[in-house]
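Q: need a 3D model of the following:
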Amino acid sequence: MSSLAGIRLGVLLALGAFGCSGGGKDGGRHDPPGAVVTTDVHNFLAALDTWAPADTACLAFDAYLRAGSLGLKAYSDKMGMGRKELCSAIRHDPTRYSALRSKIAGIDSAQRDIRAAFAKFAALSPGAKLPAVYFVVGDEMSGGTTTGGSNPIVLVGAELLGSLNGLPVLTVHEFVHTQQHYPLLKIFGAGPTFLHGTLLAQTIKEGSADFLAELATGQVAAVSRDAYGDAHEQQIWHDFERDMHGKDYSQWIYNGWNKKALGDRPTDLAYYVGYRITKAYYDGAADKKAAVREILSIHDFDEFLRESGYDGSRPSAG
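A: Got it, this is the predicted structure:
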């Protein structure tokens, strides 16, 4: 449940692959690497225009699901979403879905900024493989995620988008996850707690994606957490040091469900901590491109923390 994607390719020629590609009957299988696909959102709105609340089974959305792009099919598989789950979400929160009508133009136009961010990331880290990016409409399960495998793709849940101003940084964040070559057992964050990687590893995984997304977009990720974090940084670090080698994430990350227990602390503060650790590492590196390569290929998260020199102090300006 991470909060969203990106890419890198060493030549601008690759950027010609970007565009508003469609899925259609082939399930999007011909969308090239680096495509930015918004067709599913358009198809959803077409179905929404024909749907009436009296259609309690949401049969009107069968066509949307059948015509889905490769991304929509991947989202449905990953989240276990069929018509029943989608229908439940729409009927529970119809205003959220109808709001997509006013956002679709902004989603389409954001492709230009996403391409620019991808080009910037290409300069930071040449040679990366471009994933396709799919904007889909799901059942409120994820605003941004990726698939695994040798050809990962980035999925953005359009119904959960708030301000479209943060769309490029969300997308690049998710893209960065497709470029992180970390030991799987160290960053596994799903399932029972005993299977989790350490809180430190998960923190650096998410925080480094925020940091690299900021480098590529010029947009600050997680602004609401940063204000709190900057005001309480030493205390946050003191508490985090106590917990970082454990596997309980409930106070730190993926913990929107635990808001009541957090009091005045924001959810997902680990993103802030991971961002600060990664920024300290990058700022202290003489070779910035080498630093990006190292950030994307961490094998020992304790060693990375030591080399960053981060100790809860306010990072230097710049």
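Q: let me know the pLDDT of the residue sitting furthest away from the middle of the chain.
A: In the chain, the greatest distance from the average C-alpha position (CA atoms, centre = their mean) is reached by residue 54, at 35.3 Å. Predicted confidence (pLDDT) for residue 54: 95.
Q: measure it to residue 60 for me?
A: Counting by CB to CB, to the nearest Å, the gap between residue 54 and residue 60 amounts to 11 Å. C-beta here means a position set from N, CA and C on the backbone, and glycine is covered the same way.
Q: and what of residue 187?
A: Per CB to CB, residue 187 is found 40 Å from residue 60.
Q: for residue 225, same thing?
A: 39 Å.
Q: ok, now residue 221?
A: Using CB to CB, residue 221 is found at 37 Å from residue 60.
Q: who's more crowded, those two?
A: Set side by side, residue 221 and residue 60 show more neighbours around residue 221, with 25 against 18, by other CB atoms under 10 Å.
Q: report the contact partners of the spatially closest residue to the more buried one that is not a sequence neighbour.
A: Excluding the flanking residues, the one nearest residue 221 by CB to CB, 6 or more residues apart in numbering is residue 210, at 3.9 Å. Contacts here follow CB atoms under 8 Å, 6 or more residues apart in numbering; on that basis residue 210 touches 169, 173, 221-222, 271, 274-275.
Q: now list the buried members of these.
A: Buried by 16 or more other CB atoms under 10 Å: 169, 173, 221-222, 271, 274-275, out of the contacts of residue 210.
Q: show me which pair in the residues you listed is furthest apart.
A: Largest separation among these by CB to CB: 169 and 274, giving 15.0 Å.
Q: what's near enough to touch the closest residue to residue 293 other than its chain neighbours?
A: Nearest in space to residue 293, with sequence neighbours left out and distances taken as CB to CB, 6+ apart, is residue 125 at 6.6 Å. By CB under 8 Å, 6+ apart, the contact set of residue 125 is 8, 179, 289, 292-293, 296.
Q: distance of residue 125 relative to residue 118?
A: When residue 125 is compared with residue 118 (using CB to CB), they lie 11 Å apart.
Q: how is this structure partitioned into domains?
A: Per automatic domain parsing, the domain ranges recorded for the chain read 12-179, 184-308.
Q: now do the same end-to-end measure for the last one.
A: In other words, domain 184-308. The straight-line separation of the ends of domain 184-308 (CA to CA, to the nearest Å) is 22 Å.
Q: for that domain, what is the distance to the chain centroid?
A: 14 Å (CA atoms, centre = their mean, to the nearest Å).
Q: and what of the first one?
A: A distance of 12 Å separates the centroid of the chain from that of domain 12-179, by CA atoms, centre = their mean.
Q: next, count neighbours for the spatially closest residue to residue 199 that is not a sequence neighbour.
A: Once flanking residues are discounted, residue 199 sits nearest to residue 244: 5.1 Å by CB to CB, 6+ apart. Number of residues near residue 244 (other CB under 10 Å) recorded here: 21.
Q: for residue 244, grab phi and psi.
A: phi -70, psi -20 (degrees, to the nearest 10).
Q: then residue 245?
A: phi -100, psi 0.
Q: name the nearest residue to it, ignoring sequence neighbours.
A: That would be residue 198: by CB to CB, 6+ apart, it lies 5.4 Å from residue 245.
Q: what do you get for residue 209?
A: Leaving aside its sequence neighbours, residue 209 sits nearest to residue 176 (CB to CB, 6+ apart; 4.1 Å).
Q: name the element the one you found belongs to?
A: Secondary structure assignment for residue 176, by DSSP states H and E: helix 167-179.
Q: related to what we said a few turns ago, and the domains of the chain, which one is worst for confidence?
A: domain 12-179 (a mean of 84).
Q: mind giving me the packing neighbours of the lengthiest helix in the chain?
A: Assignment by DSSP state H gives helix 100-124 as the longest helix of the chain. Judged by 3 or more CB pairs under 8 Å, 6 or more residues apart in numbering; DSSP states H and E, the packing partners of helix 100-124 are strand 36-37, helix 39-50, helix 167-179, helix 199-217, helix 288-295.
Q: of all these, which one comes closest to residue 76?
A: Between those, helix 39-50 lies closest to residue 76; by CB to CB that is 10.6 Å.
Q: list the buried residues for that closest one?
A: For helix 39-50, the neighbour count (16+ other CB under 10 Å) marks 39-45, 47-48 as buried.
Q: now the strands for this structure?
A: Counting by DSSP state E, the chain has strands at residues 36-37, 133-136, 144-146, 154-157.
Q: residue 68 is nearest to which of those strands?
A: Closest to residue 68 of the strands of the chain, according to CB to CB: strand 133-136, at 7.6 Å.
Q: fine, thanks again, bye for now.
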